[in-house]
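Visitor: take this sequence and fold it.
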Amino acid sequence: MIMNMGFSGFPVMLVFGAIIVVPFFQLWQRTGHSGWMSLLMLIPVVNLIMLYVLAFKEWPALKGNS
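Guide: Alright, predicted model coming up:
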């Protein structure tokens with residue numbers, strides 16, 4: 001049986017979550033999308049799908065530069 005020694009992994013998960021979400025938040029915003037899409041990067045499999053969407057979808061930020 002595994003005993004809990006009083007260590008909570010929640011603060012560690014928050015730090016790793018921030019390490020993942022903050023750069024993607026900036027990336028989504030710079031491409032002209034909502035930065036809140038970066039929260040989807042925390043969901044397994046959905047994060048891979050969203051990377052493909054980001055890579056191949058037309059970016060609103062570039063529409064005016066054509």
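
Visitor: does Phe25 really touch Gly35, like I thought?
Guide: Yes - with contact defined as Cβ atoms under 8 Å, Phe25 reaches Gly35; the gap is 4.3 Å. Bear in mind the C-beta positions are built from the backbone N, C-alpha and C, glycine included.

Visitor: please enumerate the helices of the protein.
Guide: 10-30, 46-56 (DSSP state H).

Visitor: Throw those helices into CSV and include mean neighbour count, mean pLDDT and distance to Leu40, thanks.
Guide: Output for those, formatted as CSV (neighbours: other Cβ atoms under 10 Å; pLDDT from 0 to 100; distance: least, Cβ to Cβ, whole Å):
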stretch, mean neighbour count, mean pLDDT, distance to Leu40
helix 10-30, 13, 89, 9
helix 46-56, 12, 91, 5
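
Visitor: wait, which of those helices is closest to Leu39?
Guide: Closest approach to Leu39 among the helices of the chain (Cβ to Cβ): helix 10-30, 6.4 Å.
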